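Novice: sequence and predicted structure are below.
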Amino acid sequence: MTRRAEIPEPVPAALNPPSPVRRRLLYAGVAGAAALGGGGLAWWRLQPQAPDSGAQQALWAMEFEQPGGAVVALKSFAGRPLLLNFWATWCPPCVAELPMLDAFYRAHSAQGWQVLGLAVDQPPAVRKFLQHRPLAFPVGLAGAGGVGLGRSLGNLTGGLPFTVVLGGDGRVRHRRMGPLSARDLQRWSSLR
């Protein structure tokens, strides 16, 4: 009895597992697509959104206690450009940009620019911080309410630092989520 060698039938390509190189390329492609999608979503969510209806008008009616006990009223800033910076002592990027904001204020206040820092922090921490690092521009104690105010002005994530630039007409002209750059300040300095 002779035995015939059986020739295996070809495996359809759909059932044939890909080579290790193809598998890695496939995984890399899927991972890349997921990263792009996630990065795009994160970028979109971190971009400042349009202010809530009526938020700009409500802003000008607000008052904040200052670390020294005096009160700063936003209406006192009306009529000139205002850079409103939300920050906290526990936020390293916030602390890092404060000297640049202070220099901007000192250099541009004669041209009508105003800067107001709104500390989204505990008052004792802000007072202690400002004793060691005084600022030329005023600081208001916004506390936890500062997060809600920031959200109403377009900071949906509540992240810090967050900066809003208002023109002399009182309307929001620019918003920036995250640390400022010298280029941002230079671009905004011509605003009136």
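Specialist: Perfect, I can see it now.
Novice: mind giving me the domain split of the protein?
Specialist: 12-46, 55-188 (automatic domain parsing).
Novice: what's the most buried one of those?
Specialist: domain 55-188 (a mean of 17; mean count of other C-beta atoms under 10 Å). For every residue, glycine as well, the C-beta is placed using N, CA and C.
Novice: and it, end to end?
Specialist: Domain 55-188 has an end-to-end distance of 21 Å (C-alpha to C-alpha, to the nearest Å).
Novice: likewise for stretch 77-89?
Specialist: Length of stretch 77-89, first residue to last, C-alpha to C-alpha: 24 Å.
Novice: quick one: contacts for residue 122?
Specialist: Contact analysis of residue 122 by C-beta atoms under 8 Å, 6 or more residues apart in numbering lists residue 143.
Novice: shift numbering so it begins at 115
Specialist: Sounds good: first residue 115 from here, last item residue 236.
Novice: would you turn the domains of the chain into TSV with mean pLDDT?
Specialist: Below are the domains of the chain laid out as TSV (pLDDT from 0 to 100):
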stretch	mean pLDDT
domain 126-160	58
domain 169-302	95
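Novice: what is the subsequent helix or strand relative to the helix or strand encompassing residue 172?
Specialist: Per DSSP states H and E, residue 172 falls inside helix 169-173. Following helix 169-173 in sequence order, the next helix or strand is strand 177-179 (DSSP H and E).
Novice: so where do the strands sit in the chain?
Specialist: 177-179, 185-187, 196-201, 228-233, 253-255, 276-280, 286-291 (DSSP state E).
Novice: what's the closest of those to residue 138?
Specialist: Judged by C-beta to C-beta, the one of these that comes nearest to residue 138 is strand 286-291, at 36.7 Å.
Novice: so how far is the closest one off the chain centroid?
Specialist: 10 Å (C-alpha atoms, centre = their mean, to the nearest Å).
Novice: who touches that strand?
Specialist: For strand 286-291, contacts defined as C-beta under 8 Å, 6+ apart pick out 160-162, 165, 170, 195, 267-269, 271, 273, 276-281, 298, 302, 305.
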